[in-house]
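Chemist: fold the following for me, if possible:
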Amino acid sequence: ALPGRTADITAARTHKIVTICERLKIPVLADKAYQGAGGTFATPVKRHRGRELTVKQKSVNRAHARLRSPVERAFARLKAWRIFRKARVSPNRLTSMIQAVLTLEQQR
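Modeler: Coordinates of the predicted model:
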């Protein structure tokens, strides 16, 4: 983490994450905040009116959605648990409670 308000892409460049991934040829699926990172970073692409997406852009969008959907589903489940709305405990304890709830939800 960097002090103050720092964009994700700036922090990644400061810590040399972009150059290391490029040098090691590690493919990275990133969100829209990393647009313009270049190298091996693949971000979702929005289709403009009158233009179709290429096959590569469609596959990147599909892969991004496939990885993101379980996380989105988990957050939706957590929002349904009303107990977290008025929790008055330490964030450290809350983290372990949330992990327990997610484990219980997966078993259900």
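
Chemist: measure the nearest residue to D8 once chain neighbours are set aside to A42 for me?
Modeler: Nearest residue to D8 in three dimensions, chain neighbours excluded: A33, at 4.2 Å (Cβ to Cβ, 6 or more residues apart in numbering). Heads up, the C-betas are built off the backbone N, CA and C, glycines and all. For A33, the distance to A42 (Cβ to Cβ, to the nearest Å) stands at 13 Å.

Chemist: the two: who's more crowded?
Modeler: Neighbours were counted for A33 and for A42 using other Cβ atoms under 10 Å; A42 has more, 19 against 14.

Chemist: and the residue lying closest to the more buried one once chain neighbours are set aside, what is it in contact with?
Modeler: Leaving aside its sequence neighbours, A42 sits nearest to V60 (Cβ to Cβ, 6+ apart; 4.7 Å). Contacts here follow Cβ atoms under 8 Å, 6 or more residues apart in numbering; on that basis V60 touches L29, A42, T43, P44, V45.

Chemist: what's the closest of the residues you listed to A12?
Modeler: T43 (12.4 Å; Cβ to Cβ).

Chemist: tell me how many other residues crowd the closest residue to that closest one other than its chain neighbours.
Modeler: Leaving aside its chain neighbours, T43 sits nearest to Q35 (4.9 Å; criterion: Cβ to Cβ, 6+ apart). For Q35, the neighbour count with other Cβ under 10 Å is 13.

Chemist: again with A74
Modeler: 15.
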